[in-house]
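> structure of the sequence below:
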Amino acid sequence: MSDQSLDEEALRQRLTPQQYHVLREHGTERAGTSPLNYEKRDGLFHCAVCDTPLFSSDTKYESGSGWPSFFAPLPDATETSTDTSHGMRRVEVHCAKCKSHLGHVFPDGPLPTGDRYCMNGVSLAFQPAGG
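Below you'll find the predicted structure:
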């Protein structure tokens, strides 16, 4: 699924208004509002648009930022681009398959990578291991 093959009207119908705003219009959910902040089970976090596995619970940690945070994505699951909105330079994270906006990555995470993938919870769908 490429960005061009997504039917935006179908996505507007399938996603909540907040999900659509974050995933397709590069918005941000309010800090501390995602139930995924508290998700501690083993499993995978998938893209809410195309269901691609993006992050393993093995890389999730509590960053204190108010958003689900990971120190690494699954191999080849995400792509990045430079985001200069809001008067600053940030690294935006997208789903490699459908190009939907997920969040940003910052160089202040834990070892082994030193990265903090700060993701919008509405961009993700959690699938527990064995489920």
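> confidence score at the most centrally placed residue in the chain?
For the chain, the residue nearest the mean C-alpha position is L102 (3.3 Å; C-alpha atoms, centre = their mean). The pLDDT attached to L102 in the predicted structure is 98.
> for the one 4 residues further on, same thing?
The per-residue pLDDT reported for F106 equals 96.
> got the contact list for it?
Shown in contact with F106 (C-beta atoms under 8 Å, 6 or more residues apart in numbering): R90, V91, D115, R116, C118. Backbone N, C-alpha and C define where each C-beta goes, glycine included.
> quick one: mean pLDDT for the strand or helix carrying the second one?
Remark: V91 resides in strand 90-95, with elements defined by DSSP states H and E. For strand 90-95, the per-residue pLDDT values average out at 96.
> hmm, who's touching that strand?
26, 47, 49-50, 52, 54, 73, 77-84, 100-106, 117, 119.
> list only buried entries from those residues.
47, 49, 52, 54, 73, 77-78, 80, 100-106, 117, 119 (16 or more other C-beta atoms under 10 Å).
> for the protein, what spans make up the strands?
Under the criterion DSSP state E, strands of the chain are mapped to 43-47, 53-56, 60-61, 69-70, 78-83, 90-95, 101-106, 116-119, 124-128.
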